[in-house]
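[1] coordinates only, sequence not included:
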Ligand SMILES: Cc1cc2nc3c(=O)[nH]c(=O)nc-3n(C[C@H](O)[C@H](O)[C@H](O)COP(=O)(O)O)c2cc1C
């Protein structure tokens, strides 16, 4: 047999993979070793039927986990060749990674890998300082390197037009009791290994807020502390919108987020306008771009925070009997 990954290499890489973001921190992924290759699988039991009926969010999350896996293997000196959706008859298998020729990791791989444990969603108000041009360029380049695009909304009117679309999508979603119930079910007020800790959910929203918050936490708002007046809003998009395109977009999302962390920036995600088909189309038209918007990011300089919990690696590994 050609070169093969070992259980130890799988375990080590999955420790990084599970740090990826996911809708409501559901962590909808599994990993296994088959014929010397590492496979990433969807965990369909962790899909949110009301929030994510099509499975888009699951595939974005699995793509993000796949990007971390690729980085971990590359930094360990055992880089992977990746095939997306390797078996048509097994749609739950998102990707298969087999060992490529060994090589030293690049400086970019090393710095992005080092950012994995420091990245987290920062839903608090950012400082008003603008994101400098070189950091903006790095973020757009990160998306391009993963075959996606990142459109940075420039100017108050572009951000206001986006905010209008986002708020109307938010209102549509909030009308659905099943959607609201899922969110409530995944907010954690006690220590837990999945779900969104209430303390990470951001402050209470206020009528003057430009962008809608998902409404996870509702921490009391510090008096006078409003959200940044001119947030940097970025829309990540992919060429198409097949299942594979969504996994590609998940990888690009994680590369952009890690690039932000490595640049000293904070980010939070806003996917309401992606989840409502009409809003997504309006967003696409407003950008005038080919392809499909897959995620919206708010990026800026924020207060330090801490990463949210994850389940143990053993809970997401499918090991052959006896291992
Ligand atoms: C597909 C997807 C959609 C998301 N949508 C939102 C959102 O609309 N609002 C939000 O605050 N966070 C959103 N998130 C972020 C998750 O809630 C977050 O990744 C998860 O709670 C884990 O926390 P962490 O990012 O700090 O590791 C989304 C993440 C993914 C992958």
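    Arrived safely. These numbers come from a predicted model, not from an experiment.

[2] quick check: phi and psi at residue 98.
    With angles defined as degrees, to the nearest 10, residue 98 sits at phi -120, psi 150.

[3] and it, what does it touch?
    Residue 98 is in contact with 2, 3, 5, 36, 37, 80, 81, 83, counting by Cβ atoms under 8 Å, 6 or more residues apart in numbering. In short, each C-beta sits where N, CA and C put it, glycine included.

[4] for the first one, give its distance to residue 100.
    In this view, residue 2 and residue 100 are 11 Å apart by Cβ to Cβ, to the nearest Å.

[5] circling back: between the contacts of residue 98, which is nearest residue 55?
    Here the nearest of the contacts of residue 98 to residue 55, counting by Cβ to Cβ, is residue 83; it sits at 19.6 Å.

[6] mind checking the end-to-end distance for stretch 144-162?
    22 Å (Cα to Cα, to the nearest Å).

[7] so what's the residue of the chain found nearest the ligand closest to, chain neighbours aside?
    Per Cβ to the nearest ligand atom, residue 21 is where the chain lies closest to the ligand, at 2.8 Å. Nearest residue to residue 21 in three dimensions, chain neighbours excluded: residue 64, at 5.8 Å (Cβ to Cβ, 6 or more residues apart in numbering).

[8] in the strand or helix carrying that neighbour, which residues are buried?
    In the assignment (DSSP states H and E), residue 64 maps to helix 56-75. Neighbour-count burial for helix 56-75 flags 56-75 (criterion: 16 or more other Cβ atoms under 10 Å).

[9] please apply the same query to stretch 204-213.
    205, 209, 210, 211, 212, 213.

[10] sorry, back to before: neighbour count winner among residue 2 and residue 100?
    residue 100 (14 against 8; other Cβ atoms under 10 Å).

[11] hmm, that one is touching residue 79, no?
    Yes - contact criterion Cβ atoms under 8 Å: residue 100 and residue 79 qualify, at 4.8 Å.

[12] quick check: residue 77 touching residue 109?
    No - the pair residue 77 / residue 109 is not scored as a contact, 10.7 Å apart, by Cβ under 8 Å.

[13] more neighbours: which of the two?
    Under the criterion of other Cβ under 10 Å, the comparison of residue 77 against residue 109 puts residue 109 first, with 17 against 10.

[14] the more buried one sits in which helix or strand?
    Counting by DSSP H and E, residue 109 is found in helix 107-115.

[15] with residue 210 instead?
    Counting by DSSP H and E, residue 210 is part of no helix or strand.

[16] so residue 295, which of the three states?
    Per DSSP: H, G, I helix; E, B strand; the rest coil, the local secondary structure of residue 295 is strand.

[17] one more: residue 49?
    coil.

[18] and it, what does it touch?
    Contacts of residue 49 (Cβ under 8 Å, 6+ apart): 178, 182.

[19] do the helix holding residue 64 and the ligand meet?
    Yes - using Cβ under 6 Å from any ligand atom as the criterion, contacts between helix 56-75 and the ligand involve 57, 60, 61.

[20] quick one: the last one and residue 23 touch, right?
    It refers to residue 61. Yes - contact criterion Cβ under 8 Å: residue 61 and residue 23 qualify, at 6.6 Å.

[21] quick one on the thing from earlier: thought the residue of the chain closest to the ligand was touching residue 267?
    No - contact criterion Cβ under 8 Å: residue 21 and residue 267 do not qualify, at 9.6 Å.

[22] the ligand contacts on the stretch 151-300 of the chain?
    Residues of the stretch 151-300 of the chain lying near the ligand (Cβ under 6 Å from any ligand atom): 196, 214, 268, 269, 270, 271, 272.

[23] can you give me the strands in the chain?
    29-34, 37-42, 80-84, 93-99, 148-152, 187-188, 196-197, 232-238, 266-270, 292-300, 317-318 (DSSP state E).

[24] which residues in the stretch 151-300 of the chain form helices?
    156-174, 177-186, 243-262, 272-275, 277-287 (DSSP state H, counting those that start in this stretch).

[25] among those helices, which comes closest to residue 319?
    Among the helices of the stretch 151-300 of the chain, the nearest to residue 319 by Cβ to Cβ is helix 243-262 (23.6 Å).

[26] what's the angle between that closest one and strand 266-270?
    For helix 243-262 against strand 266-270, the angle by axes from the mean of the first three to the mean of the last three Cα atoms, to 10 degrees is 150 degrees.

[27] packing partners of helix 243-262?
    helix 56-75, strand 80-84, helix 107-115, helix 133-145, strand 148-152, strand 232-238, strand 266-270, strand 292-300 (3 or more Cβ pairs under 8 Å, 6 or more residues apart in numbering; DSSP states H and E).

[28] sheet-wise, list the partners of the second one with their directions.
    In the sheet containing strand 80-84, the strands it pairs with under DSSP bridges are strand 93-99 (antiparallel).

[29] briefly note if the partner strand comes near the ligand.
    No - using Cβ under 6 Å from any ligand atom, strand 93-99 stays clear of the ligand, with a minimum separation of 13.8 Å.
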